[in-house]
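Engineer: can't give you the sequence, but here's the structure:
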DNA sequence: CGCCGCGGTGGGAAAAAGTGGGAAGGAATG
DNA sequence: CATTCCTTCCCACTTTTTCCCACCGCGGCG
């Protein structure tokens, strides 16, 4: 499982060094193969080991093609998915189109989220983080999914 | 499986280079033979390897012929299907009628969607993409197919 | 306090992919 | 039957991408 927020940098060619503590797990889980795609609700990227992504893709493809909401989600997620591979130095090359979508320049945050990572531009990550904290403070009514949660 | 968005160009003769990473799969799956047809709901083209298309065509032909919506879909999809073949340089020649339907000039996007590709005029792809993203932001009520999805 | 090693970073060279042009073959029309 | 136009195939050039190597900095250990 991937956890924790890591400060990472993208070099001029768009390469990002995967923090070493994840490399072994990725290597044995998926032979160094990852999939990056866009997050449809925030301007950040989602990065999955290949096997995990394939399950997601299957779920998406099984949905009815002629439903507009389904089609939209398929186009965004499958349509923007890029194959990535760890190179000999443990880096991945983030394609220009995805970099642009997430507003990635040099300073970025790689955030572990269980089966996947999220990759944020560092400044945007910090902004959103502030907002999430504020939102939690001023919560009055919890949605039913959360009201019975024990943490 | 096909995924990801690829910037491609149609040259003056209407030829499009298939990105190399897909070529091998297409070559062994269908011997380089593809079918292009129109998308009935958006002005883009759908491109299938021949075996996949044949299944789709079968599904379409099995539907009740007297239903007007069925008839319409059959006429659009089967009626516009064109045989394509990868040439020695890995390019396909997109017929003028289909180019016109999708408003294709020079800059285009080839978008992997599982068993098929979608081919969009680049400008139109970008416009639609903006709209889809906006729609995702302002989602209030998820359709039942999506409400329990975990990605 | 210094040296050794690993992780991170950058740049350069070789290979491959994309693009365009040209020539040859075939079909259609006058 | 000949000429012209269109299509298809092939070759060569340019640009991009990928792979590899070297350097730098920090941290740990002797």
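Structural biologist: Structure's in. What do you need? For clarity, every value in this text was computed on a predicted model and none was experimentally measured.
Engineer: for chain A, what spans make up the helices?
Structural biologist: For chain A, the helices defined by DSSP state H occupy A:20-30, A:50-62, A:68-77, A:96-101, A:122-137, A:144-147.
Engineer: can you find the helix or strand in chain A with the smallest mean pLDDT?
Structural biologist: helix A:144-147 (a mean of 81; mean pLDDT, DSSP states H and E).
Engineer: for the most centrally placed residue in chain A, list each beta-bridge partner.
Structural biologist: Central residue of chain A (CA atoms, centre = their mean): residue A:46, 1.7 Å from the mean position. Beta-bridge pairing for residue A:46 (DSSP bridges): residue A:37, residue A:118.
Engineer: wait, it touches residue A:52, no?
Structural biologist: No: assessed by CB atoms under 8 Å, residue A:46 is found out of contact with residue A:52, at 10.3 Å. The way it works is simple: take the backbone N, C-alpha and C, and place the C-beta from them, glycine included.
Engineer: now the common contact residues for these two.
Structural biologist: Residues touching both residue A:46 and residue A:52 by CB atoms under 8 Å, 6 or more residues apart in numbering or on different chains: residue A:116.
Engineer: so how far is residue A:22 from residue A:86?
Structural biologist: Using CB to CB, to the nearest Å, one gets 10 Å for the distance from residue A:86 to residue A:22.
Engineer: ok, now residue A:136?
Structural biologist: For residue A:136 relative to residue A:22 (CB to CB), the value is 28 Å.
Engineer: settle it for me: which of those two has more neighbours?
Structural biologist: residue A:22 (20 against 8; other CB atoms under 10 Å in any protein chain shown).
Engineer: give the contact list for the more buried one.
Structural biologist: Applying CB under 8 Å, 6+ apart, the residues contacting residue A:22 are A:2, A:112.
Engineer: can you check residue A:30 too?
Structural biologist: Residues near residue A:30 by CB under 8 Å, 6+ apart: A:49, A:50, A:51.
Engineer: again with residue A:100
Structural biologist: No contacts exist for residue A:100 under CB under 8 Å, 6+ apart.
Engineer: what about residue A:126, neighbour count?
Structural biologist: Neighbour number of residue A:126 under other CB under 10 Å is 11.
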